[in-house]
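Peer 1: What would the 3D arrangement of this be:
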Amino acid sequence: MLRWSFIFAIVFLFGCKPANQLAKKNQLVFSIEKGPCFGKCPEYKIEVFANGEAHLNGVRNVEHVGDYKTQLPAAFLKEITDSINALNIAELDTNYVNKYLTDFPATDLIFDLNGVQKRIHIFHESPPQEIQNVLDVINAFENRIKWDFSTQINQH
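Peer 2: Here you go, the predicted structure:
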């Protein structure tokens, strides 16, 4: 019985190591989600992971509706992570809301800050400059991602 317990312990310990490595490899770098409005606001979500994989889910009022992915070049991924790290996101508030807006698309940002996720919700027509700087950096990278629209993932 002791031998089986020892074997089980070894299998368990070695079995967890690849799972931990996989989790780190697929760690979220950032996510941006643009919400709906009553007009023609683009509604989508983009996620960029530490392994260079990027996912796009186009919902409506975008050129491509559906789920797509691409692989980012390592240099581009490093540029993204360096730029995000320079923004001092940990010091930002988690909500920037104008309670008097009735029809404005919300933007949700998620960043991984050394293993801890920071979520920022923006529902404001002119957020503070430090948040606008974050949005400008993310939008600049978002516009440079080359999506492969020839293959749609999770087709229904």
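Peer 1: Which residue lies nearest the spatial centre of the chain?
Peer 2: Of all residues in the chain, the one closest to the mean position by C-alpha atoms, centre = their mean is S31, 1.8 Å from it.
Peer 1: Name whatever forms a beta bridge with that one.
Peer 2: Per DSSP bridges, the residues bridged to S31 are E47, I110.
Peer 1: Report the separation between it and K99.
Peer 2: Separation of S31 from K99 (C-beta to C-beta, to the nearest Å): 25 Å. (C-beta placed from N, C-alpha, C; glycine too.)
Peer 1: Any chance you could list what contacts the helix or strand hosting Y96?
Peer 2: Here Y96, judged by DSSP states H and E, is contained in strand 95-97. Strand 95-97 has contacts (C-beta atoms under 8 Å, 6 or more residues apart in numbering) with I120, H121, I122, F123, H124, P127, P128, I131.
Peer 1: ditto for stretch 50-58
Peer 2: 24-29, 43-49, 64-74, 77, 112, 145, 147, 153.
Peer 1: Only C-alpha atoms, please: export that stretch in PDB.
Peer 2: Coordinates of the C-alpha atoms in stretch 50-58 are reproduced here as PDB (Å, rounded to 0.1, in the frame of the first residue of the first chain):
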ATOM      1  CA  ALA A  50       1.800  35.300 -23.600                       C
ATOM      2  CA  ASN A  51       2.400  32.600 -26.100                       C
ATOM      3  CA  GLY A  52       1.700  35.100 -28.900                       C
ATOM      4  CA  GLU A  53      -1.700  33.800 -29.700                       C
ATOM      5  CA  ALA A  54      -4.400  36.400 -30.200                       C
ATOM      6  CA  HIS A  55      -8.200  35.800 -30.400                       C
ATOM      7  CA  LEU A  56     -10.900  38.000 -31.900                       C
ATOM      8  CA  ASN A  57     -14.600  37.600 -31.400                       C
ATOM      9  CA  GLY A  58     -16.400  40.000 -33.700                       C
END
